[in-house]
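Q: turn this into a structure:
(one chain, ligands or ions: 1)
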Amino acid sequence: MLLTSSAAPGQIWQTVLHELRRGALDSKHPFRFLTLATAGTNFPQVRTVVLRELSSSVEFLVYTDFRSAKVQDLLKIPRVSLLFYHPKKQVQVRVKALATLHVADELAQEHWKRVSEKRQSEYKNELVPGTRIEKPELGWEIQADNAHFSVLKFSPISIEVLQLGKKGHLRILFELTSGWQGNWLVP
Ligand SMILES: Cc1cc2nc3c(=O)[nH]c(=O)nc-3n(C[C@H](O)[C@H](O)[C@H](O)COP(=O)(O)O)c2cc1C
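A: Residues are numbered from 1 along each chain as shown. Alright, predicted model coming up:
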């Protein structure tokens, strides 16, 4: 269990942030991966992405090809939801956030340096992600000179945490008002 009913909301807030940060740092941690939901044109769209960083000002950073459908979605509607689940600790974290796209600016350049050469090639595909192709090899063989790398920054407005427990489940909602305020909810 990550959370207990005896902990104050402020303590829980710190515990949750600590665990999310571990996800960004440890490739084996379950919070390494999150589900990113965008408002698609006709349907909500969900996909798995990697959490690259949780900044000191509580911003979630993710890398993507700026030509991808998710980017098109959030340029139209920048409101997104993020979902994390830790199966061992039985904790779910749901985040509502506002997205900003960073291409070739200071943030994107700083993160591009952290991407290994092998991984950099994944952002240099000549073809736009989602393009229909005759054979799967075309999905990585045609390399462009320039990369289509971007950093998505998700600034949360609320973070809801659900801890499953034998005695009873715990549910707490943190909302950004003047600071982060936590309130218990009925699970
Ligand atoms: C484990 C896993 C991690 C992934 N991480 C990323 C990622 O960090 N960034 C990304 O753009 N796509 C990532 N993907 C691929 C996306 O889930 C998705 O298939 C792709 O980005 C296209 O999505 P879109 O068409 O909605 O833009 C990952 C997929 C898996 C299975």
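
Q: CA atoms of the host helix or strand of residue 93 as CSV?
A: Following DSSP states H and E, one finds residue 93 within strand 91-102. Provided in CSV are the C-alpha atoms of strand 91-102 (Å, rounded to 0.1, in the frame of the first residue of the first chain):
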residue,chain,number,x,y,z
VAL,A,91,-2.8,2.7,-6.6
GLN,A,92,-4.4,4.5,-9.5
VAL,A,93,-3.5,8.1,-10.3
ARG,A,94,-5.8,10.1,-12.6
VAL,A,95,-4.6,13.5,-13.8
LYS,A,96,-6.4,16.3,-15.7
ALA,A,97,-3.9,18.6,-17.3
LEU,A,98,-3.3,21.3,-19.9
ALA,A,99,-0.9,20.4,-22.7
THR,A,100,1.8,22.5,-24.3
LEU,A,101,3.9,21.4,-27.3
HIS,A,102,7.7,22.2,-27.3
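
Q: wait, does that strand contact the ligand?
A: No - using Cβ under 6 Å from any ligand atom, strand 91-102 never reaches the ligand; the gap is at least 12.1 Å. For every residue, glycine as well, the C-beta is placed using N, CA and C.

Q: mind listing the helices for this protein?
A: 9-25, 69-76, 106-112, 117-120, 138-141 (DSSP state H).

Q: reformat these as JSON lines; add distance to the ligand and mean pLDDT.
A: Formatted as JSON lines, the helices of the chain follow (distance: least, Cβ to the nearest ligand atom, whole Å; pLDDT from 0 to 100):
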{"stretch": "helix 9-25", "distance to the ligand": "12", "mean pLDDT": "97"}
{"stretch": "helix 69-76", "distance to the ligand": "3", "mean pLDDT": "97"}
{"stretch": "helix 106-112", "distance to the ligand": "12", "mean pLDDT": "97"}
{"stretch": "helix 117-120", "distance to the ligand": "10", "mean pLDDT": "93"}
{"stretch": "helix 138-141", "distance to the ligand": "12", "mean pLDDT": "90"}
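
Q: got a markdown table for these, with mean neighbour count too?
A: Formatted as a markdown table, the helices of the chain follow (neighbours: other Cβ atoms under 10 Å):
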| stretch | mean neighbour count |
| --- | --- |
| helix 9-25 | 17 |
| helix 69-76 | 17 |
| helix 106-112 | 14 |
| helix 117-120 | 9 |
| helix 138-141 | 12 |
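
Q: out of those, which gets nearest to residue 184?
A: Among the helices of the chain, the nearest to residue 184 by Cβ to Cβ is helix 9-25 (7.7 Å).

Q: identify the residues contacting that closest one?
A: The contact list for helix 9-25 (Cβ atoms under 8 Å, 6 or more residues apart in numbering) reads 2-3, 7, 29-34, 51-54, 58, 60-61, 84, 86, 89, 91, 93, 159, 161, 172, 174, 180-184.
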